[in-house]
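> next come a sequence and a model predicted from it.
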Amino acid sequence: MNHPKSMVAEILILAVSGGVGASLALQLAEHGVGIAAIVCAVCAVVAAGVALAAQVGQGLRTTVYTCPAKGCRVSIRAVGTSPEELQRLRDLATDHGKHGGTR
C-alpha cells in the first residue's frame, strides 16, 4: 500500500542527506582529505539518512487505535492494512466490551 505522505517524507529526507553528503565531500576535499575518508564520510551521512527515512516512513504508514476506557491499556497498531481491516481493528479497539472489559 503506497502512502503519499510517507513517500514524500522519505524522498525529502534522502534528498537532504544526499545534499549534506555532497556538501561534506566538497568541504573535506578543500581541506585535502583523502578520497577514501571522503567516501566513508559521505556513505555514513547517506546511511544515516536512509535509516531515518525508513523510520519516518514506517511511522507515517502506521495506524494506532487505543481503547478510550479509563485504565484500559488495549492498543492496536496496524501497518499496510486494507480499509476494511482498519475498520474492524478500530471497532475492536474502541469498543471496550469487545476486548474483555468487565473484570
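That came in fine, so what should we check first?
> where does the protein have low pLDDT?
1-3, 100-103 (pLDDT under 70).
> show me where it has helices.
Taking DSSP state H as the test, the helices found in the chain are 4-30, 35-60, 83-94.
> now render those helices as TSV, adding distance to residue 74 and mean neighbour count.
Every residue, glycine included, has its C-beta placed from N, CA and C. Listed next are the helices of the chain as TSV, based on distance: least, CB to CB, whole Å; neighbours: other CB atoms under 10 Å:
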stretch	distance to residue 74	mean neighbour count
helix 4-30	26	14
helix 35-60	21	14
helix 83-94	6	13
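> mind putting those helices into a markdown table with distance to residue 66?
Below are the helices of the chain laid out as a markdown table (distance: least, CB to CB, whole Å):
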| stretch | distance to residue 66 |
| --- | --- |
| helix 4-30 | 21 |
| helix 35-60 | 16 |
| helix 83-94 | 6 |
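> select, out of the ones you listed, the one closest to residue 68.
With CB to CB, the closest approach to residue 68 among the helices of the chain belongs to helix 83-94: 6.2 Å.
> restricting to C-alpha, output the closest one in CSV.
Output of helix 83-94 as CSV, limited to C-alpha atoms (Å, rounded to 0.1, in the frame of the first residue of the first chain):
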residue,chain,number,x,y,z
PRO,A,83,-9.5,-0.1,4.8
GLU,A,84,-11.9,-2.9,5.8
GLU,A,85,-9.4,-4.4,8.2
LEU,A,86,-8.6,-1.0,9.6
GLN,A,87,-12.3,-0.5,10.3
ARG,A,88,-12.5,-3.9,12.0
LEU,A,89,-9.5,-3.1,14.2
ARG,A,90,-10.8,0.3,15.0
ASP,A,91,-14.1,-1.2,16.1
LEU,A,92,-12.3,-3.8,18.2
ALA,A,93,-10.0,-1.3,19.9
THR,A,94,-12.6,1.4,20.6
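> report all helices and strands that it contacts.
strand 62-66, strand 75-79 (3 or more CB pairs under 8 Å, 6 or more residues apart in numbering; DSSP states H and E).
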